[in-house]
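Student: sequence and predicted model, in that order:
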Amino acid sequence: MRAYLASSVGVACTAALVLPALTPVASAAPRVPDLPGSTQSLPLVPLTGYERSAGGAVAQGLPQRETRPFSLVGVVWDDPDSELHGSVQVRTRATGSGAWSEWQDVETHDFEHAPDPGSEEWAEGRVRGATAPLWVGDSDAVAVRVRPEPARGSTRAATPPLPGGLRLELVDPGDEPESPQPGDPQPGSQENPQPGSEENPAPLARLPERPEIPVPGEGVYEELPGAIGDPALTASLTPESAAASAVNADLAPLGSDAILPLSKAETGAEAAAYGVAKPYIGPRPGIVTRKGWGADEALREKQFVYTKTVQAAFVHHTATGNRFTCQQSGSVLRSIYRYHVESSGWRDIGYNFAVDKCGNIYEGRAGGVAKPVLGAHTRGFNANSMGIAVLGTYSSTTPPKAAVDAIAKLAAWKLGLFGANPKATTFLTSGGGNRYAKGTKARLHVISGHRDGFATDCPGARLYGQLGTARALAAKLQGR
């Protein structure tokens, strides 16, 4: 894979059904067989019986078949510029019980989640068209049907054919990492108060000066003296894992599963000590690192890519359905990550951050949570922005208050580092999309929904309706 230039300023949704016995399939080989988790990729075949309803266009899919274990599904195709005009439905068999689900809809319009056209990530030629991924839980058999439909405003006779190279992607997230999981008492909570708080008056250590230490295979990164964790843990890290952790070395020891929260005063002092003299910065929230949720760092591109600043935050939902618990959030994230990289052809997970139903915040695309990492979340507006994805689907389901609060906490801190007011608007230049033509300067809320930059349902009507609340809380946390 092409190495990217990285610098601090950047550029580079069950019923049990009785179905016929299935035929085992041996052709779906995982793409990375020696690493935890896997992706099975199955080419779709023509389905008979749907031609009349589709104006003559041929439907594709797969009859029910056994597979190796998987938990997340999606459909991809060759040309990322081709839209899939039609419906995608899957049914899956639960591992163990043998119960089949009903047909479930997969969100087909994921066109708007992608690297910007013309970007280096796009230009590599690995990017594919893709549906949104759907979490189905532990499964061992599947059936899928993709039926073409007319484009909006067109007659049925003008139904376009389906995109070429349609494949069903089945993702196994692998086992949970052996580390504290979401749902345990979080750092800074009542059960585990942060040093320097009223509940735990133990003083915080003074921030020392930062020397540079080498990270094998990934160049030179800065690390706090005394902040390096267990030497055995450090030695066990792969070069890629060490690099992904080292870019957060100002915030947590090397190899940490989480970045601890700070009070507003502590956050301001830390920022000032490192040359970020902004008057309005919200308290740093606790963040589960990539190591904490079990990211396989061997999947992503090795180099980190940055943009110039962070002027806005785009809020998303992952459209994966809501049939998972907070304890499964790491598995959902690992599956989305693998789907974005192996199936969609992106260099890393597209979102900069993720938030679960319980309000846990997760590091997304690698490069450093405090840095302006270039994501692939809002087609046309990835530059000078960040993407925050709430795990789940919120078109008709109201997001939990904890999740909305987490969006506000994260935005108050990260936007504050770059001097952005959560209640204000800003101007971003479009890289090309269906709402704003390339080169257009768009006036957007500093905390926007994905639909503000691209004509899409994302982040779902119910979550979008909560963004005013998130803006107000974020501003309050910044002291405005």
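Tutor: That came through fine.
Student: what ranges in the stretch 101-250 of the chain fall below the confidence cut-off?
Tutor: Scanning the stretch 101-250 of the chain for pLDDT under 70 picks out the ranges 110-113, 152-157, 178-230.
Student: tell me where it has helices.
Tutor: With helices called from DSSP state H, counting those that start in this stretch, the stretch 101-250 of the chain shows them at 120-123, 231-236, 239-246.
Student: of all the ones you listed, which one is nearest R68?
Tutor: helix 239-246 (25.5 Å; Cβ to Cβ). The way it works is simple: take the backbone N, C-alpha and C, and place the C-beta from them, glycine included.
Student: for that closest one, list every residue counted as buried.
Tutor: E240, S241, A242, A243, A244, S245, A246 (16 or more other Cβ atoms under 10 Å).
Student: could you dump the helices of the stretch 101-250 of the chain into TSV with distance to P36 added?
Tutor: Shown next, in TSV, are the helices of the stretch 101-250 of the chain (distance: least, Cβ to Cβ, whole Å):
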stretch	distance to P36
helix 120-123	25
helix 231-236	15
helix 239-246	13
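Student: of all the ones you listed, which one is nearest D105?
Tutor: Closest among the helices of the stretch 101-250 of the chain, using Cβ to Cβ: helix 120-123, at 28.0 Å.
Student: with only the CA atoms kept, save that closest one in CSV.
Tutor: Output in CSV follows, covering the C-alpha atoms of helix 120-123 (Å, rounded to 0.1, in the frame of the first residue of the first chain):
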residue,chain,number,x,y,z
GLU,A,120,-4.9,10.4,-2.0
GLU,A,121,-7.0,7.8,-0.2
TRP,A,122,-9.5,7.8,-3.1
ALA,A,123,-6.8,7.9,-5.8
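Student: if you count neighbours, what's buried in that helix?
Tutor: Under 16+ other Cβ under 10 Å, the buried positions of helix 120-123 are E120, E121, W122.
Student: test my guess that the second one contacts P80.
Tutor: No. Here E121 lies out of contact with P80, judged by Cβ atoms under 8 Å, at a distance of 11.0 Å.
Student: hey, what's in contact with both of the two?
Tutor: V127 (Cβ atoms under 8 Å, 6 or more residues apart in numbering).
Student: give me the distance between A243 and R347.
Tutor: 14 Å (Cβ to Cβ, to the nearest Å).
Student: apologies, that question was intended for Q478.
Tutor: From Q478 to R347 the distance is 32 Å (Cβ to Cβ).
Student: of these two, who's got more company?
Tutor: Set side by side, Q478 and R347 show more neighbours around R347, with 28 against 24, by other Cβ atoms under 10 Å.
Student: OK, contacts around that one?
Tutor: By Cβ under 8 Å, 6+ apart, the neighbours of R347 are M1, Y4, P115, E121, E124, R300, E301, V305, V341, A376.
Student: next, the last one: phi, psi?
Tutor: Going back to what we said before, that points to A376. phi -140, psi 70 (degrees, to the nearest 10).
Student: neighbours around it, how many?
Tutor: A376: 25 neighbours (other Cβ under 10 Å).
Student: quick one: pLDDT of it?
Tutor: Reported pLDDT at A376 in the predicted model: 92.
Student: list the contacts of it.
Tutor: H113, A114, P115, D116, E121, H340, W346, R347, D348, G350, R365, N382.
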